[in-house]
Structures are given as C-alpha cells and as structure tokens.
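*Asks:* predicted model follows, preceded by the sequence.
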Amino acid sequence: MPFEGIGASVKRREDGRFLAGRGRYVDDMNRPGQVYAYIRRSDRPHARIKHIDIAAAAAAPGVIAVYTGADMAADGIGGLPCGWQIHNKDGSPMAEPLHPVLAIGKVRHVGDPIAVVIAETKTQAKDAAELLVIDLEDLPGLADIRAATAAGAPLVHDDVPGNVCYDWHIGDKDAVDAAFARAKHVVKLDLVNNRLIPNAMEPRAALGECDVAGHYTLSTTSQNPHVIRLLMGAFVLHIPEHKLRVIAPDVGGGFGSKIYHYAEEAIVTWAAGKLRRPVKWTAERSESFMSDAHGRDHVSHAEMAVDESGHFLALRVSTLANMGAYLSTFAPSVPTYLYATLLAGVYKTPAIYAEVKAIFTNTVPVDAYRGAGRPEAAFLLERLVDAVAHDTGIDRVALRRANFIPADAYPYQTPVALQYDSGNHEMTLAEALKAADYAGFPARRAEAARRGKLRGIGISTYLEACGIAPSQVAGALGARAGLYEVANIRVHPTGSVTVFTGAHSHGQGHETTMAQLVADQLGVPLDQVDVVHGDTGEIPFGMGTYGSRSLAVGGSAMVKAMDKIIAKGKRIAAHLMEAAVEDIEFKDGAFRVTGTDKAKALAEISLAAYVPHNYPIEELEPGLEETAFYDPKNFTYPGGCHVCEVEIDPETGVTKVVNFVAVDDVGRVINPMIVEGQVQGGVAQGIGQALLEGAAYDANGQLLSGSFMDYTMPRADNLPNITVGTEITLCTHNPLGSKGCGEVGAIGSPPAVINAVVDALKEYGVRHLDMPATAEKIWSIIQANRPKMAAE
Amino acid sequence: MYDFAYQKPASVADAVKLLATGPEAKVIAGGQTFIPVLKQRLNKPSSVVDLAGLGLSGISVSGNTLTIGAMTTHATVARSAEVKKAIPGLAMLASWIGDNQVRHRGTIGGSLANNDPSACYPAAVLALGAVVKTNKRAIKADDFFQGMFTTALEPDEIITAVEFPLPVEKSAYEKFRQPASRYAMVGVFVAKGPAGVRVAVTGAGQNGVFRVPEMEAALAKSWSADAIAGVKVSPEGLNSDIHGSAAYRAHLITVMARRAVAAAG
Ligand SMILES: Cc1cc2nc3c(=O)[nH]c(=O)nc-3n(C[C@H](O)[C@H](O)[C@H](O)COP(=O)(O)OP(=O)(O)OC[C@H]3O[C@@H](n4cnc5c(N)ncnc54)[C@H](O)[C@@H]3O)c2cc1C
C-alpha cells in the first residue's frame, strides 16, 4: 500500500465528485413546494427612498409575497450584526450604524437590497420585481476614501459624522517620534491597496425552510455554518439554536467572501417561516459583483526612519480603510488586528506606530478577502523596504538581511502586540534566490534589452499571521466570537473512523488532508477515515474556515481528540491484556504491552468498547468517541520569500510575469501537493491584484466594473509557471507544528510583482506605482519619463 | 430572459416572412451576443428566428471570390485551408475571437450584423473591401458599417454571406485585447488586395470601425512597418474608458498597425 500519512501527496479525494459534476451545492438542492426569491437592488449609489409601491408586483402571476424593509421591521427584525468592535483612540466605541436587511429610508450602495419578491418560479419573481415602483431621490454619493474624509463630504449615515467608523491606533508614538528625530534617512511612500472583487466560482445561494413544528433549516454558501447560525439566529431572526440548523454543503470557493452573514440568508429563512414554504435564492453573477463583500481598499502613507548603516529605527504608518456602506461581519478587524499588528513583518524595527481610520463610502461593504489585512501590510512594508533601498542606495537583499529578525531571536516580541514563535527568514530568502537564479538576472536583463524589452526582478520577504487567536486576547481586542475549533472523532465498532470538524472545506481539500492526519495518527488506512463538515445538525459548535486556520486550529483539535481516544484505548487494552495502563503503548494502529509481543489492534479495542462484554465497565463508559475543543495560544506565523521576474513591452506597457518563485514556511506539511495547489492559487490571485484586478467606481459610487467584461480576473495565460518550495520551521505552540498555507500566496506575491515592475522601470525614474500596474499606467509612466531620458 | 416564441425556418424566404410578423422579431445566429443580451433582459423580442436551418454555413472559393456563409463559425474560418491560403490574416483574426466555446458558436454574419465597436471582423471586412450579401442586395463594406452597433441592414434583412475579393497579396491582423473581455481594445487589419492598400481599425473608434488614410498612403508607397512608424493617429473621436484613454488607444493603433504589417510580411 502506498504511503498515505503525514507528508504524502495523496490526490484529493473530493475531486472525483467535483470533476464529475456530482458535487452538491446549495443551488442543486430543491424541495417540494419550493418558491423563489428575487431581490430588487439599488442601481443608485446613494438615494432617499421616497416611496415603494408593491401593488403591481404583488398582483403579478405566480407572486406569493413581496416584502420590504418595513415588513421586516414590523416583525421586529433589526439589522445585520457586526462581529468585531474596535475602539477609537479616545476609548469610545466605533460607530456602528444600522445595517438593515432590506433598506430602510435610504439606499447606500449599488446593490443594496430594497425589496424581495417571492414567486412560484424564478422568472415570475424577476418579472414581478420589475413591476415594483421605487421612487428614489438621488443624494450625492462617495466612492473614494479621501473624498469621504474631506470637509463637507456628504454623509453615508446621517448619524456618523465625517463618515468615520473609527479612528484607531497602535504602537508607541513617542518612541517612534524620537527615533525619527535622530534618523539619518527618512523614507516616505504613499500607497494605494486596490479594491478587489472576490468572485468565487460558485455564486452565493441560500435556501430557507421551516417545518410544521417551527424548526428552521438554512442551506447556504458559507465558510462557517455555526457562525451564521449564531449571528442570524440570536441577533437577527431570534430563532433559538435548537430550532435552527444551518447547512453549508459543497461550496465552490469563498476566499473570505462567504464568511459573513448576508442579508439574503436572513431573508429566505424569515420568509420561509412566514410562508411555510421553502424559499430559494441564488445570486446571478452580476449580483455577486455588487453584493459579495469586496476586499482591500486602503490608502496609506508610510515612513521609515533609517540609520546610517541601513538599520530600520522606526516605522510610522497612517491608513485610511474603506468599509463600504455598512459594516460587514468582520470588517472592523481587518485593517486593525489583521493589518497594523503585522507591520513589523520580518524586521526587527524597534518602534512602530500606526493609525487607521475606517471610513464609510457608498460602495459595497469591504471585509476579509484572502489574506485579510496581511496582504495590505506586506505590500506596504515590502514596497517601503524597496523604497528605502532606492533612496539610500543600499542593495535591497542586503538591506533585508541587515534588518531580519535573526532565527535565534525567536520567540520574538514585536512592537505591535504580536509575539512570533518561530521563523527563519534567511533560509527562505536564500532558497528562493537560488530557485529564481537571482544571480543570473543581469544577464537575462541584458538579453531582454537586446529584444527591446524591459526586464525586472522583485523580491518580497513577508510574514503573516494565521489562525487568529487566542479567544481571550481577541475578545479583549474587540472580537465578539470565540476563535477555537472543535473536532469530534468517532471510532466505529469495527475500527473505521468518522471525523466531525467545525472547519469547512470550500476548495481547500480538507476531506483529504484531515483524513490523512487522522489515519496517520490512529494508524488506520486512509480509506477507513471520513471527514464530515458543514452541517450544524451533525458537527459540534465550531468556527469554520478563514484565516488559514483549518489545520493549525482545526487539526490541533483533532490531535487533542485523538489523544483522548488513545488514552481511553489504553485503558481498555490494559484491561483486555491484563496489563498495567502505564505499560501500554500505542503505535502503528495497535495497543501493545511494552516489552512483550502482546498487542490489540484499534479495531479490537473499538469493538470491545461498543460490545462491552469483557470491559472495565465499572471505571469506563462504553464507546470510543471523543470531542475536543482547541483554543490556540497564539497566532501561527507563516512567512517566506517570493521572487517575481517580469518583462515589459515598452511600446504597449504590457507586463508579462515570466517567472515566479515562492518559498514559504508553512510549518509542518501534511499533503505537499495540496499545499502547492494552495500556494499556486494564492499567487495567481496576488498576480491578479498586482497587474489586473481593481474594482472601478465613478466618483459618485456607480460601479463601473460590474461584470467580467470589465473586471479583469487573472487567466491561465496571465500566469507563469509558478515554482513552489517549502522550507519550514515548526510552529512551537500547537501540537502539529503546522502554520497554514491558504493565504501565503496572495500575501507574499503582490509586492514581489510590483517590486519587479518598479525594477524594470528604474531607468525611467520610477520609484513606486500603485496596483493594478495596468498596461496603460505603465505606458503613461514611460511616456512621461521619455523626455527626461532623452535629455540625459 | 423574457419569454418569446422560437422559430427555426428551413429557408431564407421563410425566415424573412417570420421576421415580418412583428417589429420585435429578431434573428439569432450563434447567440454569443444575443443570448447574453436576452439574459440581461436588455431586449424583449416577440419571437426569435433561428438561422441555423437555412444552410448558410460554408466556405468556398470561385474565381476571384472567397465566399463565407453568414452562419459559418469563427472556428470554421480559423481552420479553413481555403481561408488560410487566400487570406491568412482573416484566419488569424477568427482564431483570436473570444474563447474556444465562443468560436464554435459565434458566426461571421452575427458579428457583422451586431457591429460591436470592439468586434474583430469589421476590421477585416472593411480592410479587404468585402461585400456583405443579404436576402435583398449586396452591400459594400464601405457602406455597411454605420457607427456603433449600427449597420445598413434593414429590420427584415438577413445577411446570407460575405464575399471577399481575391487575390489578396498581403493580410494580417493585430489585436490589443481589452484585458477583461479580451475583445479588441485596438484591432488593426492591414491588407493589400483588389481594394488597394487598406488599414482598418476596430475597438478604438467611438463610431466603430474606421480606416487610416495616412497609413494607407504610406504603405501604398512602401509596404513596411517603418513606413508607418511615424504616423500619429489623433485621439479625437476615440473611445476612452477604464481600460484605456483615447490617447493610449491612439498610440496603440500605430503600434498594432506596424506589427500587423510586419506579420503580413
Ligand atoms: C466571451 C466572449 C468573448 C468574445 N470575444 C470576441 C472577440 O474577441 N472579438 C469579437 O469580434 N467578438 C467577440 N465575441 C462576440 C462573438 O464574436 C459573437 O459571435 C458575435 O458578436 C455575434 O455572433 P453570433 O453568431 O453569436 O450572433 P448572435 O449573438 O446570434 O446575434 C447577434 C446579433 O446579430 C443579429 N444577427 C445574427 N446573424 C444575423 C444575420 N445573418 N443577419 C442579420 N442579423 C443577424 C442578431 O439578431 C443579433 O442582433 C465574444 C463573445 C463572447 C461571449
């Protein structure tokens, strides 16, 4: 039998059903008597709702109900809750304006839901929605964060002055000011982190049901069904947990956008209760563009104080973060605890001070998107380090090396709250430079120049934080939810195993990785282990999947549950083999009496546990099933080095990524092939952000990139062959030593790409350019600097 | 989409009759433009007349004419030995339209009737001085394209074929793709044939496809990329959007034209 345990590149078990079209997604589910919801959304960025006339729509063929915000309010339904509360510099809580499920009084972004029509067929619902007469009075709108903070800017929420959600800071301002005062160089940089539209392959969908006894079921495209149950049940619809089941079946990608509790989930569940018929809603792709939470959207100013030998003395950052029109579920945490705390990166900068203002605008709410705050931090820092190299003339690799936190300095306390447990930045840097043939670059640049092309190489040595934790600390920092994970491991009578996890797989391959972990640790064949996830009716209360936590946190819970299984198994084995418990060891799937050849396989122990004829029944309960909750002591800190090489056609400005190397430290690897796939996908998204993607709004808040005709998703031919390597240090505080690999690709790559583009353009006097580095942007830079070059 | 009646006639005459039954009757060819329009409810036809049963598909060369039936798909044009031999630039153009699925459904007739300002075929048809044949008449390319999404076609007129005059001495197409849609942001077709030396530009103009007389004059004198390198196109009247300003498009026209001339050999 081939090796299938920890470290084996087992092919993903779930792919068979996905590739054969046998996946079971929410939209595949159909119930007897099911009706369809269509949501009429705002096509205006900002407007007062003067009147809604539903009469014609309600009378249209097949229509069962038409509801507006007023109907939900009449049922005592308030707004959608926010799961994280940030406090201002002065200690007061952030502004948390009402986020109505269906608009009340005003619409605040293109896509804001105004009314829902429920009909026998989807077409009837859509036809009737066109008959709604919605009288809107346009108000001035805002899309740009800087415009939203200008004096006299229109207000997105009448009760939020200046459109400021919060004005927060972290770090020691005085220490930073003092360091700047004695710095030899002060290097400044203004950066924009472009707004992204996630675009999971499967659009969001929700199916609400309510049975005669008043038990509700919501099937939804979610990354965390228990979180949705808690948020929607307790805070929106007031349905107690025992009467609400949330199922997230196969989900076709999330990238963060399916973490949040969305209006449509509440609408279909509430309507199913009122109508006592199953109500289904499935987003059209154009709705995804205007209703799935967007990502990023920061405007920052950064300054680094540097001494004469190139050591970083202090970092000062001020950032404006776009929240969009309302607070999405975890939005406030992203530009604060997932961003500013990462500004030390891999460097031993002794003093850091960051201020973050979160701003409301008339745009789709912004929340965590693959990387969530850490890509923004990595981009800022890795661009700034290159700017330091540019301004001081110090080589960018030497500069990084001079400032790295050395491997022997771990654990390392940063000046921005986090304590890193492990890492070795020299190791990943050296390996990446080798794999990218960094030394051979000048020859490749010269060769490209002979072909009339501009070639550049860029590196980023990034660090990030996964598995947001621990619960107590996060709670003190504003989290309104726990951050542990749960696993239930059920060894069946004949020794096969079902694993119930609170994590959720929507492309990550958990059904394979987690089964490998459990099979390896319990010494059973892989095909004897199944993983169950995504149904609050089956799994214990877990927190779901985000922030690359599933293995580091969810897998650790499994290890704890298996420890309990093994401990119990030892006692059963001791009884059966008439030995002392201390003399039993568990190895390769069998309990052995040390120093003898007496052994019992796991299956023999489990059978004895469920058929307890010969069993220590006085001391032990029958059965072999254990649950463990694991609350991490710290974040995990993956990091690494990405090297990107680009070639620019100066005539058109088109950039081609010609080589990309990612060497990441993700901690212990269970399945190298899946890790590589995660990194490849993340890098693809990072290259997309750096060169192609960008949500475009006009100044007023009209969405200009509302479809794939205008929003540039990266495609296969935009991507080079990506070389992925792993060089690991173990996480020291979880039992697996794993750190997480889901987001590293999207975090490390954008600065590597832009650093390469800037390098390619260095002869044109370019020091920085913002993402996406589109062909036109680069062409304009080349045009603007041509005369200068000619003059030289 | 809204409900509509679907009809699939077996002759051009029947198709025309069905079109005359109502002002909102529309023909469908490959559906690659029309179906998305219907799905977005931007059009509410009373009936849809499918041209697939009319026998309008096929490619033939006779005498000095290459004829492509209106229902011939882009994929068929792209791999046709006759097209590759007679007008290689045309095969190249067809091979770059959309993706594989689009190329196997979309048709030359549909593309021309639609006259999307960023569609590729109009550049070839204009540069090659082709003739658009309909159930009623023959329309010269010079008269056919009348601005963005506007053609000389009358409501009950169906394109049956496109005739390209031969021999074509030189032909090539260069396309700068709009990064998201991959339609032409700037597409330039250069040709030397019975219609003379022509340079036709698609994607860039607010009024759809247009010719660049200065380049044509320069190329007529000397067919080389260098001959037009100095020709600057005015941004006046060019499109400007989130993907490219008029000035950028103007610049790209010269770059693409040069590359097309070089590719034509
Ligand atoms: C993803 C995608 C990418 C694309 N990329 C490109 C590209 O790069 N370059 C490009 O040029 N095009 C592109 N297209 C458009 C494609 O070429 C279509 O095939 C073309 O626009 C329409 O052809 P059709 O046969 O599908 O016509 P349909 O969509 O069926 O019809 C289009 C219009 O023409 C009318 N019509 C069709 N046939 C006739 C006829 N014989 N007589 C009179 N009227 C007629 C219809 O009534 C309708 O109004 C793309 C399309 C898609 C979906």
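*Replies:* Thanks, I have the structure now. All of these numbers come straight from a predicted model, not from anything done at the bench.
*Asks:* when you work out contacts or count neighbours from here on, use the C-alpha atoms and nothing else.
*Replies:* OK.
*Asks:* how about the residues of chain A by chain B?
*Replies:* Taking Cα under 8 Å from any Cα of the partner chain as the test, the list of chain A residues beside chain B reads A:123, A:651-652, A:692, A:696, A:704, A:708-713, A:776.
*Asks:* neighbours of A:His301, how many?
*Replies:* The criterion is other Cα atoms under 10 Å in any protein chain shown. On that basis, A:His301 has 16 neighbouring residues.
*Asks:* how far does the helix or strand containing it sit from its chain's centre?
*Replies:* A:His301 is part of strand A:295-306, with elements assigned from DSSP states H and E. For strand A:295-306, the gap between its own C-alpha mean and the chain's C-alpha mean amounts to 20 Å (Cα atoms, centre = their mean, to the nearest Å).
*Asks:* which residues in the stretch 151-265 of chain B form strands?
*Replies:* Residue ranges of the strands in the stretch 151-265 of chain B, as given by DSSP state E, counting those that start in this stretch, are B:159-165, B:170-177, B:184-193, B:196-202, B:210-211.
*Asks:* need the residues of chain A next to chain B in a markdown table (columns: secondary structure, pLDDT and neighbour count).
*Replies:* Shown next, in a markdown table, are those (DSSP: H, G, I helix; E, B strand; the rest coil; pLDDT from 0 to 100; neighbours: other Cα atoms under 10 Å in any protein chain shown):
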| residue | secondary structure | pLDDT | neighbour count |
| --- | --- | --- | --- |
| A:Thr123 | helix | 96 | 17 |
| A:Glu651 | coil | 96 | 17 |
| A:Thr652 | coil | 98 | 20 |
| A:Leu692 | helix | 98 | 22 |
| A:Ala696 | coil | 97 | 20 |
| A:Leu704 | coil | 97 | 14 |
| A:Phe708 | coil | 96 | 15 |
| A:Met709 | coil | 96 | 14 |
| A:Asp710 | coil | 97 | 21 |
| A:Tyr711 | coil | 98 | 23 |
| A:Thr712 | coil | 98 | 23 |
| A:Met713 | coil | 96 | 25 |
| A:Glu776 | helix | 97 | 19 |
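*Asks:* quick one: which of those is nearest to A:Ala557?
*Replies:* Nearest to A:Ala557 among the residues of chain A next to chain B, counting by Cα to Cα, is A:Met713 at 36.3 Å.
*Asks:* now do the closest one against B:Glu163, distance only.
*Replies:* 38 Å (Cα to Cα, to the nearest Å).
*Asks:* likewise B:Val201?
*Replies:* Summarising the geometry, the distance separating B:Val201 from B:Glu163, computed by Cα to Cα, is 20 Å.
*Asks:* go on, A:Phe708?
*Replies:* In this structure, A:Phe708 lies at 34 Å from B:Glu163, with Cα to Cα as the measure.
*Asks:* grab the longest helix from the chain for me.
*Replies:* Just so you know, I chose chain A. The helix of greatest length in chain A, counted in residues with DSSP state H as the criterion, is given as helix A:556-576.
*Asks:* not quite, I wanted chain B
*Replies:* The helix that spans the most residues within chain B, counting by DSSP H, is helix B:246-264.
*Asks:* can you give me the angle that one makes with strand B:170-177?
*Replies:* Using axes from the mean of the first three to the mean of the last three Cα atoms, to 10 degrees, the inter-axis angle of helix B:246-264 relative to strand B:170-177 is 140 degrees.
*Asks:* that older thread, okay, now the sheet partners of the very next helix or strand once past the strand holding A:His301, with direction.
*Replies:* Secondary structure here is assigned by DSSP H and E; on that basis, the next helix or strand after strand A:295-306 toward the C-terminus is strand A:312-324. Each strand paired with strand A:312-324, and its direction, by DSSP bridges: strand A:295-306 (antiparallel), strand A:351-360 (parallel).
*Asks:* of these, which is nearest A:Gly682?
*Replies:* Between A:Gly682 and the strands paired with strand A:312-324, the tightest spacing by Cα to Cα is seen for strand A:295-306, at 14.4 Å.
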